[in-house]
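Novice: kindly generate the corresponding structure for this input.
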Amino acid sequence: MKRFELFFLVLQVPLDFLFLLLAGILAYWLRFSPWAVAVKPVMFGLSFGDYLPIVVIVALSWLILFALSGLYEPDPNRRFAADVRRIFLACSAGVAGIALYLLFTQSQFDSRFLVAVGWGLAMFFVASGRLLMRGIKSVCYRIGYGARRVFIIGQNTLAQTLSQMMNTRKELGYIVSGVFPAWAEARQAMAQKDIDEIIFTNPREAENDAIEAIRFCTEHHVVFKYSADLFATFATNLSVQPLAGIPIVEIKRTPLEGWGRVVKRCVDVGGSIFFIILTSPLMALVGLFILIETGRPVIYKNERIGPKDKRFFAFKFRSMYQKDCTGPQFGVEGALAERREEPLIQSQSIKDGPVYKIANDPRVTPLGKWLRRFSLDELPQFFNVLLGQMSLVGPRPHQPREVQRYHPEHRKVFAIKPGITGLAQISGRSDLSFDEEVRLDVFYIEHWSLWLDFIILIKTPFVLFRKRKAL
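Specialist: Here you go, the predicted model:
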């Protein structure tokens, strides 16, 4: 690491400490301000002289939490959003620690205001300090001070793209000192120029050169980097574990392994029960209207395929006339309806590829069009979630006859359970092409997090009111 970056890394610790002190002092001042006292009189007798040492101790302990959360890890390319997320988690853990201390020591301290406001101000000031440091570093990089001098080695388009981006975006902190097609040419130029980093953009095409470059970098204290290789195009989740002393890399399809899978299932169970209770009056009303309009059955069982090619029936409110409903639920008539559906797919489908969407479908009932418009026909799928066949958030459920036309790369979507909603649904619903839908589903599978699930669930109701091409 360059001294310039090391200086800012070390400087961040006392700066965070000062901002934490400032947050605590400002929270105390606000508590004794006239407007706060008018709202609620001060009930504790803690003088500022006694309060300040406590703030110092809390600030020092929070610095430890910051370190444990990775805020002081040397990562010059880390995004500001990642810092903010870690600051939030560390400060929240600090507040939880204060609450536990007060609980177990049975301390008489009646000022939730100080804790809550101090928590909010601490996050704001520390995040602002990080932003200030980034701004100062960006200015330094733009004038060429502290930037990392780099050689880019490769003959592919990526090498030129990377060079152009680094030269254009000076705030990234790179100065491209040369772009070379092979290591031999770069090796000769190393004698004339002081280089901080080497980046290979095609290491698998020149493995021997890459190994030689690694040895050179180790000997001369130069950072060696390389672009994502062949395996990185298949997965973004890699795990390295020693086996008989040999490091073995495991390509994981998704973070939804181990505890991730357990947590998601717990959220699905709790969420499905909540939504079933919340929407039960609406579901009862919809079922009654379907019964009055076209009779039984009210629930349509749509055969779908989940992980490991396991088949299940996704529950939906019936939105078509009985004679047009496909599937084994309707016996021989269902098979005939499926054959009658083929001409409609050929003439009125608005999507290319394995998945079809029939525009102005004449088989849909008047009530069914309204149900589909707002996805109310999918409300019974909360029971599929409760049964463990689906998830609240995930890829779209897949029909068997669609799956038969999938290419091998499309089958990545079967890594997890299908969902009632998902990243593809909130990004365009039926207006997306099949390939676009698959890319979004694969991105979700490889980058799953509870926060991403929360964002998708929050956005889903707003997407329901967008107009779609097919109903």
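Novice: mind listing the helices for the stretch 251-400 of the chain?
Specialist: 259-294, 331-348, 366-373, 381-386, 400-403 (DSSP state H, counting those that start in this stretch).
Novice: can you redo the ones you listed as JSON lines with mean neighbour count?
Specialist: Bear in mind the C-beta positions are built from the backbone N, C-alpha and C, glycine included. Output for the helices of the stretch 251-400 of the chain, formatted as JSON lines (neighbours: other CB atoms under 10 Å):
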{"stretch": "helix 259-294", "mean neighbour count": "14"}
{"stretch": "helix 331-348", "mean neighbour count": "13"}
{"stretch": "helix 366-373", "mean neighbour count": "17"}
{"stretch": "helix 381-386", "mean neighbour count": "22"}
{"stretch": "helix 400-403", "mean neighbour count": "14"}
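Novice: among those helices, which is nearest Leu452?
Specialist: Proximity to Leu452, assessed across the helices of the stretch 251-400 of the chain by CB to CB, is greatest for helix 259-294 (11.0 Å).
Novice: give me the buried positions along stretch 383-398.
Specialist: By neighbour count on 16 or more other CB atoms under 10 Å, the buried set for stretch 383-398 is 383-386, 389-398.
Novice: what ranges do the helices span in the stretch 51-200 of the chain?
Specialist: Counting by DSSP H, counting those that start in this stretch, the stretch 51-200 of the chain has helices at residues 80-105, 112-142, 157-168, 183-189.
Novice: so can I have JSON lines of the helices of the stretch 251-400 of the chain showing distance to Phe312 and mean pLDDT?
Specialist: Formatted as JSON lines, the helices of the stretch 251-400 of the chain follow (distance: least, CB to CB, whole Å; pLDDT from 0 to 100):
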{"stretch": "helix 259-294", "distance to Phe312": "15", "mean pLDDT": "92"}
{"stretch": "helix 331-348", "distance to Phe312": "17", "mean pLDDT": "70"}
{"stretch": "helix 366-373", "distance to Phe312": "21", "mean pLDDT": "88"}
{"stretch": "helix 381-386", "distance to Phe312": "7", "mean pLDDT": "95"}
{"stretch": "helix 400-403", "distance to Phe312": "11", "mean pLDDT": "80"}
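Novice: between those, which gets nearest to Arg187?
Specialist: That would be helix 259-294 among the helices of the stretch 251-400 of the chain, by CB to CB, at 44.0 Å.
Novice: who's in contact with Ile458?
Specialist: If you count contacts by CB atoms under 8 Å, 6 or more residues apart in numbering, Ile458 has none.
Novice: all numbers from here: first residue = 883
Specialist: Got it, first residue is 883 now, which makes that one Ile1340.
Novice: so how far is the one helix or strand it maps to off the chain centroid?
Specialist: Element membership for Ile1340, per DSSP states H and E: helix 1332-1345. Centre-to-centre, helix 1332-1345 and its host chain are 11 Å apart (CA atoms, centre = their mean, to the nearest Å).
Novice: can you give me the angle it makes with helix 962-987?
Specialist: 110 degrees (axes from the mean of the first three to the mean of the last three CA atoms, to 10 degrees).
Novice: could I have the CA atoms of helix 1332-1345 written out in PDB?
Specialist: Provided in PDB are the C-alpha atoms of helix 1332-1345 (Å, rounded to 0.1, in the frame of the first residue of the first chain):
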ATOM      1  CA  LEU A1332     -32.100  -9.900   2.900                       C
ATOM      2  CA  TRP A1333     -31.800  -6.200   2.100                       C
ATOM      3  CA  LEU A1334     -32.300  -7.000  -1.600                       C
ATOM      4  CA  ASP A1335     -35.400  -9.000  -0.700                       C
ATOM      5  CA  PHE A1336     -36.700  -6.100   1.300                       C
ATOM      6  CA  ILE A1337     -36.200  -3.700  -1.500                       C
ATOM      7  CA  ILE A1338     -38.000  -5.900  -4.000                       C
ATOM      8  CA  LEU A1339     -41.000  -6.500  -1.600                       C
ATOM      9  CA  ILE A1340     -41.300  -2.700  -1.000                       C
ATOM     10  CA  LYS A1341     -41.200  -1.900  -4.800                       C
ATOM     11  CA  THR A1342     -43.700  -4.700  -5.800                       C
ATOM     12  CA  PRO A1343     -47.000  -2.900  -4.900                       C
ATOM     13  CA  PHE A1344     -45.900   0.200  -6.900                       C
ATOM     14  CA  VAL A1345     -45.100  -1.900 -10.000                       C
END
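Novice: show me which residues of it are buried.
Specialist: For helix 1332-1345, burial by neighbour count (16+ other CB under 10 Å) applies to 1335, 1338-1339, 1342, 1345.
Novice: so which helix or strand of the chain has the lowest pLDDT on average?
Specialist: Least confident helix or strand, the chain: strand 1119-1125 with a mean of 59, by mean pLDDT, DSSP states H and E.
Novice: what angle do the helix holding Ile1340 and helix 1141-1176 make?
Specialist: Using the same axes, to 10 degrees: helix 1332-1345 against helix 1141-1176 is 20 degrees.
Novice: so where's the stretch 1183-1332 of the chain uncertain?
Specialist: Within the stretch 1183-1332 of the chain, the set of residues satisfying pLDDT under 70 comprises 1214, 1216-1217, 1219, 1227-1228, 1230-1238, 1310-1314.
Novice: how about the strands in it?
Specialist: All strands of the stretch 1183-1332 of the chain, identified by DSSP state E, counting those that start in this stretch, fall at 1193-1199, 1273-1275, 1301-1303.
Novice: so how far is the second one from its chain's centroid?
Specialist: The offset between the C-alpha centroid of strand 1273-1275 and the centroid of the whole chain comes to 15 Å, using CA atoms, centre = their mean.
Novice: the longest one now?
Specialist: Strand 1193-1199 has its average C-alpha position 28 Å from the chain's average C-alpha position, going by CA atoms, centre = their mean.
Novice: the last one now?
Specialist: Its chain's C-alpha centre and that of strand 1301-1303 lie 16 Å apart, by CA atoms, centre = their mean.
Novice: ok, that strand: who's next to it in the sheet?
Specialist: Here strand 1301-1303 is paired, per DSSP bridges, with strand 1273-1275 (parallel).
Novice: ok, now which ones touch His1195?
Specialist: In this structure residue 1195 is Phe, not His. Phe1195 is in contact with 1183-1186, 1211, counting by CB under 8 Å, 6+ apart.
Novice: can I get these in a markdown table including distance to Leu942 and neighbour count?
Specialist: A markdown table is the format used below for the contacts of Phe1195 (distance: CB to CB, whole Å; neighbours: other CB atoms under 10 Å):
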| residue | distance to Leu942 | neighbour count |
| --- | --- | --- |
| Lys1183 | 61 | 18 |
| Asn1184 | 59 | 18 |
| Glu1185 | 61 | 16 |
| Arg1186 | 55 | 22 |
| Gln1211 | 66 | 16 |
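Novice: tell me the two of those that are most distant?
Specialist: Greatest spatial distance among the contacts of Phe1195 (CB to CB): Arg1186 and Gln1211, at 12.9 Å.
Novice: count of neighbours near Ser915?
Specialist: By other CB atoms under 10 Å, the residues close to Ser915 number 10.
Novice: having no further points to raise, I will conclude here.
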